[in-house]
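>>> only geometry, no sequence info:
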């Protein structure tokens with residue numbers, strides 16, 4: 001895990017080497033172990049290294065081919081480098097690092113080698129002979145990669161702040177991105193909060209040459225689902241074997257490593273499998289709270305005891321959190337309504353001597369762990385409702401809102417107000433923080449751009465598209481992975497863990513497991529009990545107390561804090577946001593007063609507070 005940066009098209013720059021060094025200095029927290037640079041008449045590349053596999057200086061980057069014609073800067077890990085080395089037996093390897101395997105694989109198979117990689121990565125590979133540069137992002141979008149293009153010049157980096165430090169990118173927000181942020185507490189790729197910056201889409205690569213810049217897709221979850229299993233027993237065995245293989249690959253490291261343990265099903269499965277694979281105690285870390293109703297300590301302690309882990313419990317008080325909040329916000333590379341929780345657990349994990357940790361992220365998305373799976377399945381079974389005239393449907397939803405006021409009733413009303421109940425129209429409402437009528441009033445706009453989630457789903461899951469024939473619950477998985485997981489969970493995990501130079505690996509997002517899970521019919525995955533397919537596939541690995549426990553989620557007691565210790569902080573930032581041209585100050589104040597009166601959730605306000613804090617800190621217009 002590292003940080004990369006670079007520029008293609010340096011001819012008109014006075015000192016491209018100085019620019020790329022400045023970009024890398026901004027990424028120093030991602031890679032404290034080494035730095036390196038390459039500059040010629042075409043490109044400038046920079047790298048900051050966090051040493052995980054082969055910690056010797058021989059594995060530092062940029063990494064060169066034996067003939068010096070290929071130059072590579074790589075962020076992430078290639079987990080199947082051992083297996084690929086066996087296929088590249090004619091290659092004379094000089095290190096034991098995974099980076100050298102990337103060079104060798106490209107020399108052997110050309111750009112098609114991407115289909116052979118099992119890992120998380122954002123990398124740039126420059127071919128001096130052809131003056132061609134390949135910029136690549138991993139299949140699922142675990143590692144971020146941002147680009148800004150102006151004509152035939154392209155600048156890229158692992159973080160937006162590195163792009164800003166180059167002086168080549170305007171500090172100007174995108175009006176459409178602000179709308180997306182208000183809808184979803186994030187901005188969905190390829191958009192970012194900045195007008196001139198895009199986030200590369202997962203499973204894509206950019207080919208840059210003197211003549212053109214082209215983007216290519218090499219993987220999509222909607223088109224690569226495996227053949228469905230013949231029996232339920234087959235599904236259980238294959239899921240178990242893939243989970244075991246994925247976890248074992250992600251335990252390959254030359255530094256101390258551990259796992260995040262919440263005591264939920266997903267993290268408990270990872271810890272249980274790690275304990276099976278190794279004969280040494282696994283180091284585990286969990287966050288607990290002084291406020292007992294937020295604490296998952298009994299469950300994480302139960303798993304730690306069952307698998308005899310070396311367990312560290314991070315007990316937080318309000319004062320502990322308030323002390324770390326400014327640092328967490330300062331570590332935020334892209335604004336988001338989530339993230340400080342990962343910052344805190346990553347900090348203590350790193351301070352305990354751990355450089356790499358495994359996480360249960362992705363289990364809910366693959367195995368129908370969220371309530372949205374039940375809601376979408378129920379909606380699909382009630383398509384007959386759309387046979388009623390729209391006016392009658394509106395009367396029914398008005399009565400529902402009156403009888404049961406709240407965001408849930410508002411979302412049902414928004415779905416039934418559509419002309420269609422197709423997946424791409426119904427799903428996007430589920431994750432919205434603010435519905436469109438509220439966004440329009442907050443921003444004082446008469447019209448809004450197309451919903452980013454709807455646009456994404458229309459491109460991959462609508463009639464005639466590659467994913468149209470996927471099982472219904474697999475469609476929900478694809479939607480969750482391509483929206484909330486990629487643009488909130490994975491981005492937050494990367495920026496908050498890398499703030500402490502901690503690498504986080506996610507076994508549930510091995511592409512082999514993703515492809516297999518998406519092939520499984522709804523009848524085996526139906527969420528009538530928590531992630532039944534996953535639990536049954538693990539046999540007796542987990543105790544029933546973990547399987548049957550109520551789902552709590554990994555959150556902080558924000559409402560208490562925002563009404564007390566964080567009240568002044570919140571009011572200051574909401575007032576500042578109201579002075580910006582995109583927001584209506586009166587609407588913001590009205591919402592704050594409703595929150596204080598207990599009529600609006602803290603989760604509606606916090607993303608707006610964070611947005612203002614980020615724009616101010618990064619001097620963004």
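It's in. The structure presented is a predicted model; accordingly, all values stated were derived computationally and were not measured.
>>> Next up, the contacts around residue 481.
Residue 481 sits next to 140, 221, 362, 365, 514 when contact means C-beta atoms under 8 Å, 6 or more residues apart in numbering. Any C-beta I mention is one placed from the backbone N, CA and C, and that applies to glycine too.
>>> So it versus residue 8, what's the distance?
30 Å (C-beta to C-beta, to the nearest Å).
>>> cool, residue 368 as well?
Residue 368 is 42 Å from residue 8, by C-beta to C-beta.
>>> which of those two has more neighbours?
Neighbour tally, residue 368 and residue 8, criterion other C-beta atoms under 10 Å: the higher count belongs to residue 368, 29 against 26.
>>> The more buried one against residue 527, yeah?
Yes - applying C-beta atoms under 8 Å, one finds residue 368 in contact with residue 527, separated by 4.1 Å.
>>> so what sits against both of these two?
Contacts common to residue 368 and residue 527, judged by C-beta under 8 Å, 6+ apart, are residue 473.
>>> Give me the below-cutoff pLDDT ranges for the stretch 501-621 of the chain.
551-556 (pLDDT under 70).
>>> please redo it, this time with the cut-off set to 90
525-530, 547-561, 564-565, 621 (pLDDT under 90).
>>> so where do the helices sit in it?
511-519, 522-525, 532-537, 544-547, 558-562, 567-578, 585-596, 602-617 (DSSP state H, counting those that start in this stretch).
>>> quick one: contacts of the second one?
Contacts with helix 522-525, where a contact means C-beta under 8 Å, 6+ apart, come from 229, 232, 235, 367-368, 377, 471-474, 532-533.
>>> Can you say which of these are buried?
Among these, those classed as buried by 16 or more other C-beta atoms under 10 Å are 229, 235, 367-368, 377, 471-474, 532-533.
>>> farthest-separated two in those?
229 and 377 (20.0 Å; C-beta to C-beta).
>>> What about the closest residue to residue 361 other than its chain neighbours, how many residues nearby?
Distances taken as C-beta to C-beta, 6 or more residues apart in numbering put residue 506 closest to residue 361, at 4.8 Å, once the chain neighbours are dropped. Close neighbours of residue 506, defined as other C-beta under 10 Å, add up to 23.
>>> doesn't residue 142 make contact with residue 506?
Yes - between residue 506 and residue 142 there is a contact under C-beta under 8 Å: 6.2 Å.
>>> how many neighbours does the residue nearest to residue 56 when sequence neighbours are not counted have?
Once flanking residues are discounted, residue 56 sits nearest to residue 95: 7.1 Å by C-beta to C-beta, 6+ apart. Neighbour count for residue 95, taken as other C-beta under 10 Å: 16.
>>> same deal with residue 25?
If we define neighbours as other C-beta under 10 Å, then residue 25 has 14 of them.
>>> Report the buried residues of the helix or strand that contains residue 350.
Per DSSP states H and E: residue 350 is located in helix 340-351. Residues 340-350 are the ones in helix 340-351 that count as buried (16+ other C-beta under 10 Å).
>>> and if you look at stretch 298-309?
299-304, 306-307, 309.
>>> Also stretch 193-209?
Result for stretch 193-209 [16+ other C-beta under 10 Å]: buried residues 193-206, 208.
>>> contacting residues for the spatially most central residue of the chain?
Central residue of the chain (C-alpha atoms, centre = their mean): residue 490, 1.6 Å from the mean position. Shown in contact with residue 490 (C-beta under 8 Å, 6+ apart): 140-142, 144, 361, 506.
>>> could you redo the last one with a cut-off of 7 Å?
For residue 490, the contacting residues are 141-142, by C-beta atoms under 7 Å, 6 or more residues apart in numbering.
>>> Kindly report the same for the one 5 residues further on.
Shown here is residue 495, whose contacts under the criterion C-beta under 7 Å, 6+ apart are 331-333, 339.
>>> The same query, at a cut-off of 6 Å, please.
residue 333 (C-beta atoms under 6 Å, 6 or more residues apart in numbering).
>>> Spell out which helix or strand contains it, please.
helix 491-498.
>>> orientation of that helix relative to helix 340-351 in degrees?
Relative orientation of helix 491-498 versus helix 340-351 (axes from the mean of the first three to the mean of the last three C-alpha atoms, to 10 degrees): 30 degrees.
>>> you'd agree the residue nearest to residue 361 is up against residue 362?
Yes - Residue 506 lies in contact with residue 362 (C-beta atoms under 6 Å); the separation is 5.3 Å.
>>> Show me how far the strand or helix carrying residue 373 is from its chain's centre.
Using DSSP H and E, residue 373 falls within helix 371-380. Between the centre of helix 371-380 and the centre of its chain there are 23 Å (C-alpha atoms, centre = their mean, to the nearest Å).
>>> and if you look at stretch 66-84?
23 Å.
>>> next one: stretch 323-332
19 Å.
>>> residue contacts, residue 277?
Per C-beta under 6 Å, 6+ apart, neighbours of residue 277: residue 248.
>>> So which of the buried ones among the contacts of helix 522-525 are in helices?
235, 377, 472-474, 532-533 (DSSP state H).
>>> Tabulate those residues in TSV, adding columns for distance to residue 12.
Listed next are these as TSV, based on distance: C-beta to C-beta, whole Å:
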residue	distance to residue 12
235	57
377	56
472	53
473	52
474	49
532	60
533	56
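>>> tell me which of the residues you listed is nearest to residue 128?
Closest approach between those and residue 128, by C-beta to C-beta: residue 474, at 43.5 Å.
>>> gap between the closest one and residue 460?
Distance from residue 474 to residue 460, by C-beta to C-beta: 12 Å.
>>> again with residue 564
Distance from residue 564 to residue 460, by C-beta to C-beta: 44 Å.
>>> Among the two, which residue is more densely surrounded?
Neighbour comparison, residue 564 and residue 460: the larger count goes to residue 460, with 20 against 10 (by other C-beta under 10 Å).
>>> Was I right to think that one contacts residue 223?
No - using C-beta under 6 Å, residue 460 is not in contact with residue 223, being 8.3 Å away.
>>> and residue 568, how many neighbours?
9.
>>> now do residue 120
Neighbour tally, residue 120, other C-beta under 10 Å: 27.
>>> how about it, what does it touch?
Contacts of residue 120 by C-beta under 6 Å, 6+ apart are 76, 138, 142-143.
>>> Can you give me the domain boundaries for this structure?
Following automatic domain parsing, one gets these domains for the chain: 2-217, 232-367+479-547, 371-475, 558-617.
>>> and the third one, how far apart are its ends?
Distance between the two ends of domain 371-475: 15 Å, counting by C-alpha to C-alpha, to the nearest Å.
>>> Same question for the first one.
Length of domain 2-217, first residue to last, C-alpha to C-alpha: 24 Å.
>>> what's the answer for the last one, then?
Between the opening and closing residues of domain 558-617 lies a distance of 22 Å (C-alpha to C-alpha).
>>> in the stretch 101-250 of the chain, which spans are helices?
According to DSSP H, counting those that start in this stretch, the helices that the stretch 101-250 of the chain contains are 160-165, 175-184, 232-249.
>>> Please identify which of the ones you listed is closest to residue 591.
Per C-beta to C-beta, nearest to residue 591 of these: helix 175-184, 11.5 Å.
>>> show me where the stretch 1-150 of the chain has strands.
Ranges of strands within the stretch 1-150 of the chain are 2-8, 34-39, 43-49, 63-64, 70-78, 119-127, 132-137, 146-150, based on DSSP state E, counting those that start in this stretch.
>>> so what strands line up beside the shortest one?
Within its sheet, and counting by DSSP bridges, strand 63-64 is paired with strand 70-78 (antiparallel).
>>> residues in contact with the strand it pairs with?
Counting by C-beta under 6 Å, 6+ apart, 2, 4, 38, 45, 47, 61-64, 98-99, 101, 103, 119-127, 143, 158 sit against strand 70-78.
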